[in-house]
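Return atomic coordinates for the entry below.
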Amino acid sequence: MSENSFAHILSRACNQAQFIEPTYANTFFSYLGQRAGAHSLVDINGDTLSQADMQVQAASFSNPRERERPYQVQNGLAILPVSGTLLHKYGYINPRSGSTGYDGILARIDDAINDPEIKAIMLDIDSPGGEAAGCFDAANRIKQMSQIKPIYALCYDTMCSAAMAIGSACTERWITQSGRAGSVGVVIAHASYEEKLKTDGVKITLIHSGKHKVDGNPYQDLSADVLGKIQANLDKNRDLFAELVASNIGMSKQAVLDTEARVYQGQEAVDIGFANKVVNGFDAIPQLLDIINSTSFKTNQTTGVAMSLKTNEAPAAGSATQAGAQATAPTAEQTAEQATAQTPAQAAAAERERCQSILTAPDAQGKSAMATHLAFNTSMSVDDAVALLKVSPAEQATAEQASVPAQQMADALTTAMASTEQPNLETTGDADELSADQKAEQQLLASFSAATGAK
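Model prediction:
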C-alpha cells in the first residue's frame, strides 16, 4: 500500500463515524495505529493496548473467505490442467492462449504441495509437447515434488514429447482408451529463403566473426557440415530425453530408444510401459478420490513415506541406475513388516549393536553413566543418543553415586538378555575361534563392565 493510499484511509477512518463491530474495531485500528506509528490504542472499554498488544490484535484477523487457488479442488485432490504447447518461462500460472508454461505447472504444484487440505495432485494433460528448453528441469522438479505428495498424470487425450517428459515424472500415469502417449524424440525445423531471395533479387550478406556464428541461418541452404552438427545435437538430446523417461518410469533407456519416437494409443501405451492403466476420462477423478480417501492411503501419508525436498533429490537425466535402485527400495510398510519378522536372535544382535555403538561413541567419553543409561534403559536410536551425549556435561560422580546406576544397569541388562535368545558362547577356547556374534557379545559385556563397574 502506498503512503498516499494509507494517508487517505487514515483520514477517513479517524474522526469519522464508523459502523464496525467492536472486536473488529480493535483489529482494524490496531493495524492502522501500527502503520501510523501510534504508541498505544485505547479501546471502547477504556483499556489501553500497547504496541505489542496492537501487533497481536492486528495479526489475529483471518479472512473468512476461502482462499483462491490456481487449481480446482475436489475432496483433497488438486486438479491442474496442462494443455496446448508447453513453453519455457511463459509467465502465466494457468494455461493461456493455447499454451502452458513449465513455470506455471511448477508454481501450481508447489502451491498444492504446501496446501494442508491437498492430499494428492492430478495433472490433466492434453498436450502434444513444446519447447525443449526448461523441459528436463521441470520434469526433474516434478519428480522431486512427487516424493512429498503423490502426483498423478491423466493423459486425456494427448501426452506426447515434452508432455511425456512431464508425465513420466509423476507417481502414476493413467490414459484414456483414445489417449495418445509417447513421441520420445526431438525435431528441428530449418527454413531456407535462399532461392526465394534470389528470385526476388535480394542478396543478404552476413558479416560475422567466428566460423560457426551464422550456422543454420535462414538466408542460406544448410551445408552438409552444418546439417551433420545439427543432427548430432538432436541425437544427443534424444538420448538424454530417453534416459529421463526411462529412469522416471522404470524402463531401460534402450527400450525407450527402440520406440523410435512412436506414439502409442490407450492399451498400447500401457503395454509398452508409458502408462500404468487405461481409465474412462469421466471416471478418473472418482477413482483417484477413492484411492486418496482410502484407509491405506491415509496410513501411507502418516508413516513417513512423504519425504523432504531438501534431502531427496530426484534423478537428473542420465541417472537410470539410480532410479532403478529407487524403484526397488522397500516401502515404509515393507520395512515395518521386515522389522516385525525378525527372529529373536536377529533382534538381540540388533540391540547389541545399538548398545555397543552408544557405549563406544567418542561423545560417551567421560559420560559413562549417561551412555549406559541411554544404551540399556531406553530404546533411543544411536544418532539421538549420541546427539544427547554431545550436549551433556562430563560426569564427576562419586563412588557411591556410581554404584546406583551400575546396579540399575546390571538389572536392566539381565532382564533384557533374559527376554531374548542368546548366542551359545563357549566358556573355553581361543578367541580367534569365536564367531562374529560371539566376539560382539563379549565386547559389549566388557564395555558394560568398564562403564558401570558391574561384573
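
Other residues contacting stretch 19-26?
Residues from elsewhere that reach stretch 19-26 (C-beta atoms under 8 Å, 6 or more residues apart in numbering): 18, 28, 41, 43, 44, 49, 57, 61. C-beta coordinates here come from the backbone N, C-alpha and C atoms, glycine included.

helix or strand for the residue nearest to the third one when sequence neighbours are not counted, which one?
Read that as residue 41. Distances taken as C-beta to C-beta, 6 or more residues apart in numbering place residue 49 nearest to residue 41, at 4.4 Å, with adjacent residues excluded. Here residue 49, judged by DSSP states H and E, is contained in strand 48-50.

Would you mark the buried spots in that strand?
residue 49 (16 or more other C-beta atoms under 10 Å).

What strands line up against it, and which way round?
Sheet pairing of strand 48-50 (DSSP bridges) gives strand 40-42 (antiparallel).

Make a PyMOL selection of the buried ones in the contacts of stretch 19-26.
A single PyMOL command selects the buried members of the contacts of stretch 19-26 (16+ other C-beta under 10 Å):
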select buried, resi 28+41+43+49+57
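
Flag every buried residue along stretch 208-225.
For stretch 208-225, by 16+ other C-beta under 10 Å, it's 217, 220, 222.

how about the helices in the stretch 1-150 of the chain?
3-13, 22-36, 51-59, 102-113, 135-145 (DSSP state H, counting those that start in this stretch).

what is the rounded mean pLDDT of the fourth one?
For helix 102-113, the mean pLDDT works out to 97.

Give me the residues contacting that helix.
Identification of contacts with helix 102-113 by C-beta under 8 Å, 6+ apart yields 69-71, 78, 80, 82, 86-95, 118, 121, 123, 134-135, 137-138, 141-142, 145, 148-149, 151, 166.

on that earlier part again, Serialize the contacts of stretch 19-26 to JSON lines and add fields for pLDDT.
Below are the contacts of stretch 19-26 laid out as JSON lines (pLDDT from 0 to 100):
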{"residue": "18", "pLDDT": "77"}
{"residue": "28", "pLDDT": "78"}
{"residue": "41", "pLDDT": "79"}
{"residue": "43", "pLDDT": "77"}
{"residue": "44", "pLDDT": "75"}
{"residue": "49", "pLDDT": "81"}
{"residue": "57", "pLDDT": "71"}
{"residue": "61", "pLDDT": "62"}
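
Specify which member of the contacts of stretch 19-26 is nearest to residue 203.
Proximity of those to residue 203 (C-beta to C-beta) peaks at residue 61, which lies at 70.5 Å.

Tell me if I'm right that residue 354 and residue 382 touch.
Yes. The criterion here is C-beta atoms under 8 Å, and residue 354 meets it with residue 382 at 5.9 Å.

and stretch 179-197, which residues are buried?
179, 180, 181, 182, 183, 184, 185, 186, 193.

The third one: what secondary structure?
Going back to what we said before, that points to residue 181. strand (DSSP: H, G, I helix; E, B strand; the rest coil).

what sits against it?
If a contact means C-beta under 8 Å, 6+ apart, then residue 181 has 155, 158-160, 164, 167, 173, 175, 263-264, 269, 274-275 as its contacts.

One more pass at 10 Å, please.
125, 153, 155, 157-161, 163-164, 167-168, 173, 175, 263-266, 268-270, 272, 274-275 (C-beta atoms under 10 Å, 6 or more residues apart in numbering).

What about those residues, which are in strands?
Cross-referencing the contacts of residue 181 against strands under DSSP state E gives 125, 153, 155, 157, 158, 159, 160, 173, 175, 263, 264, 265.

Quickly note the distance from the nearest residue to residue 142 once chain neighbours are set aside to residue 141.
If the residues on either side of it in the chain are set aside, residue 142 comes closest to residue 169, at 4.0 Å by C-beta to C-beta, 6+ apart. Distance, residue 169 to residue 141, by C-beta to C-beta, to the nearest Å: 8 Å.

So these two - more neighbours on which side?
residue 169 (26 against 18; other C-beta atoms under 10 Å).

Wait, the more buried one touches residue 244, no?
Yes. Applying C-beta atoms under 10 Å as the test, residue 169 and residue 244 come out as touching, 8.3 Å apart.

Now list whatever residues contact both of those two.
Common neighbours of residue 169 and residue 244 (C-beta under 10 Å, 6+ apart) are 136, 139, 140, 143.

Any chance of the residues you listed in JSON lines with neighbour count, pLDDT and distance to residue 228 as columns?
Output for these, formatted as JSON lines (neighbours: other C-beta atoms under 10 Å; pLDDT from 0 to 100; distance: C-beta to C-beta, whole Å):
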{"residue": "136", "neighbour count": "21", "pLDDT": "98", "distance to residue 228": "24"}
{"residue": "139", "neighbour count": "26", "pLDDT": "98", "distance to residue 228": "29"}
{"residue": "140", "neighbour count": "21", "pLDDT": "98", "distance to residue 228": "30"}
{"residue": "143", "neighbour count": "24", "pLDDT": "97", "distance to residue 228": "34"}
